[in-house]
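Trainee: How does the following fold in three dimensions:
(one chain, ligands or ions: 1)
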Amino acid sequence: MTIEFNSVSKIFANSGSTRVLDDVNLVIEDNEFFTLLGPSGCGKTTLLRMIAGFEHPTSGSITLFGDPLEATPPNARPVNTVFQHYALFPHQTVEQNVSFGLKMLRRPAAEIKVDVERVLDLVQLGDLARRLPHQLSGGQQQRVALARALVTRPRALLLDEPLSALDSKLRDEMRVELKTLQREMGITFVFVTHDQGEALAMSDRIAVLSGGRIQQVGSPDEIYDRPANRFVAQFVGDTNFLEGTVFCGPGRESVFRTSAGAIIPIADTSYQENQCATLAFIRPEKLHLSSYADAEASGRKGLRGVVSNKLYLGTDTVYSIDLDGGETLRAQNPEHERSGKPFRDWRPGQCQRRAQRV
Ligand code: ATP
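Mentor: Numbering: from 1, shown residues only. Here you go, the predicted structure:
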């Protein structure tokens with residue numbers, strides 16, 4: 001393993017008794033693209049700064065490549081950081097910026113030249129080596145920052161919201177480049193972001209944080225499809241919630257009864273306890289819409305409601321459905337939209353439809 005947090009808590013001297021990090025236990029494996037994801041102020045940067053040695057735990061311990069963190073002084077740790085605003089030296093060329101770390105390590109000039117050329121080629125900046133930072137685009141400056149952090153061949157790279165200053169098109173491109181770079185170099189990336197789409201797209205595993213506590217650690221599909229709690233379900237992707245009760249029937253048949261009395265069969269056979277109060281979450285893109293007549297003809301059970309709104313967003317169409325019980329659900333690109341069946345002319349409130357979970 002690369003990095004391990006054991007019961008790490010942090011209280012800043014000037015923050016009273018507030019725990020900015022509270023009993024964090026985390027293992028980051030070798031060569032992982034590992035993301036710390038959470039809203040502003042949840043403690044992501046503080047965790048990252050601890051790995052770099054800029055902050056220290058109030059209690060608990062951190063292990064880096066098998067050794068206690070404090071056993072190695074910060075400048076000798078095989079980790080480098082890429083900051084949100086790049087922090088390039090403005091009066092130095094790309095080449096000089098990138099060679100800085102190697103000069104500090106007193107490497108021979110010939111070796112520095114070879115290493116700088118290699119890493120500039122890797123980030124596709126070989127032709128711009130003589131330019132100054134202000135003569136580069138935002139994406140190019142970001143690549144210089146990456147090259148500067150990679151040139152000393154760290155075993156782990158710490159990235160603090162490195163894409164947030166880029167426009168959305170460039171950010172999409174850099175996501176792909178970063179992921180490719182990490183795979184090709186085979187080093188551990190610890191990536192901080194508050195953007196759940198970015199985390200899902202790039203990571204091998206994600207730790208979701210809120211209020212200084214780890215809410216869930218898992219692969220992107222585990223986090224998205226099996227969120228550990230309400231916070232994770234809401235923060236990672238859009239979701240509907242329905243309150244109700246699970247009834248476990250004989251022979252593994254279980255149903256979910258909403259508080260308004262609608263019954264939905266459920267496939268999950270893991271419920272042990274009969275009549276447990278449950279909060280069901282349903283992703284908007286998992287809902288299937290059909291008319292009452294079609295639903296009855298097919299014998300499918302579902303929730304009754306009225307389409308109260310339709311929002312056309314180009315790639316997505318989002319319906320609002322007011323259920324008989326009073327709740328409103330959102331359905332995104334329901335099946336008929338994808339299959340092109342003739343439901344495109346639905347008008348809000350015009351006719352009753354049955355919303356059904358697939
Ligand atoms: P953001 O996404 O906004 O950068 P974050 O999740 O990275 O947020 P941190 O920067 O780790 O959050 O901050 C976590 C909490 O710790 C915040 O409430 C912040 O105000 C507080 N904090 C951070 N650094 C210090 C400090 N040096 N002194 C006091 N409080 C601090």
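Trainee: Show me which residues of the chain sit near the ligand.
Mentor: 12, 14-15, 20, 38, 40-46, 194 (CB under 6 Å from any ligand atom). For every residue, glycine as well, the C-beta is placed using N, CA and C.
Trainee: export these to CSV and tack on neighbour count?
Mentor: CSV is the format used below for the residues of the chain next to the ligand (neighbours: other CB atoms under 10 Å):
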residue, neighbour count
12, 12
14, 6
15, 10
20, 19
38, 27
40, 7
41, 13
42, 23
43, 22
44, 25
45, 20
46, 21
194, 18
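Trainee: Now flag whichever of these is closest to residue 264.
Mentor: Proximity of the residues of the chain next to the ligand to residue 264 was ranked by CB to CB; the top entry is residue 38 with 31.6 Å.
Trainee: list the contacts for the closest one?
Mentor: By CB atoms under 8 Å, 6 or more residues apart in numbering, the contact set of residue 38 is 44, 194, 208-210, 215, 235.
Trainee: same thing but at 7 Å, please
Mentor: Contacts for residue 38 (CB atoms under 7 Å, 6 or more residues apart in numbering) come out as 44, 194, 208-210.
Trainee: Ignoring the adjacent residues along the chain, who's closest to it?
Mentor: Spatial nearest neighbour of residue 38, chain neighbours left out: residue 209 (3.6 Å); criterion: CB to CB, 6 or more residues apart in numbering.
Trainee: which residues are in contact with stretch 165-178?
Mentor: 84-85, 138-139, 142, 163, 198, 201-202.
Trainee: Stretch 190-205 now?
Mentor: Contacts of stretch 190-205 (CB under 7 Å, 6+ apart): 28, 32-40, 44-45, 48, 51, 156, 158-161, 163, 175, 178-179, 206, 217-220, 224, 235-237.
Trainee: from those, which ones fall inside helices?
Mentor: Using DSSP state H, the subset of those located in helices is 44-45, 48, 51, 175, 178-179, 220, 224, 235.
Trainee: Point out the least confident one among the residues of the chain next to the ligand.
Mentor: Note: of the residues of the chain next to the ligand, the lowest pLDDT belongs to residue 15, at 72.
Trainee: can you give me the helices in the stretch 1-150 of the chain?
Mentor: 44-52, 94-104, 109-122, 138-150 (DSSP state H, counting those that start in this stretch).
Trainee: Kindly reformat these as CSV containing distance to residue 6.
Mentor: Formatted as CSV, the helices of the stretch 1-150 of the chain follow (distance: least, CB to CB, whole Å):
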stretch, distance to residue 6
helix 44-52, 12
helix 94-104, 30
helix 109-122, 34
helix 138-150, 27
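Trainee: so which of the ones in helices among the contacts of stretch 190-205 is the most crowded?
Mentor: For the ones in helices among the contacts of stretch 190-205, the largest number of neighbours (other CB atoms under 10 Å) sits with residue 44, at 25 neighbours.
Trainee: Would you mind confirming that it is in contact with residue 36?
Mentor: Yes - counting by CB atoms under 7 Å, residue 44 does reach residue 36; the two are 4.4 Å apart.
Trainee: what residues do those two have in common as contacts?
Mentor: 192, 209.
Trainee: So what's the residue count around the residue of the stretch 251-358 of the chain found nearest the ligand?
Mentor: In the stretch 251-358 of the chain, the residue that lies nearest the ligand is residue 281 (24.2 Å; CB to the nearest ligand atom). By the criterion of other CB under 10 Å, residue 281 has 16 neighbours.
Trainee: CA atoms of stretch 140-157 as CSV?
Mentor: Extracted in CSV, the C-alpha atoms of stretch 140-157 (Å, rounded to 0.1, in the frame of the first residue of the first chain):
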residue,chain,number,x,y,z
GLN,A,140,-0.7,24.5,-21.2
GLN,A,141,0.2,26.1,-17.9
GLN,A,142,-1.5,23.2,-16.2
ARG,A,143,0.6,20.7,-18.1
VAL,A,144,3.8,22.6,-17.1
ALA,A,145,2.7,22.3,-13.4
LEU,A,146,2.2,18.5,-14.0
ALA,A,147,5.6,18.2,-15.8
ARG,A,148,7.3,20.0,-12.9
ALA,A,149,5.7,17.6,-10.4
LEU,A,150,6.5,14.5,-12.4
VAL,A,151,10.1,15.2,-13.4
THR,A,152,11.5,14.1,-10.0
ARG,A,153,9.7,10.7,-10.5
PRO,A,154,7.6,10.8,-7.3
ARG,A,155,5.9,7.6,-6.2
ALA,A,156,2.7,9.5,-5.5
LEU,A,157,1.3,12.7,-7.0
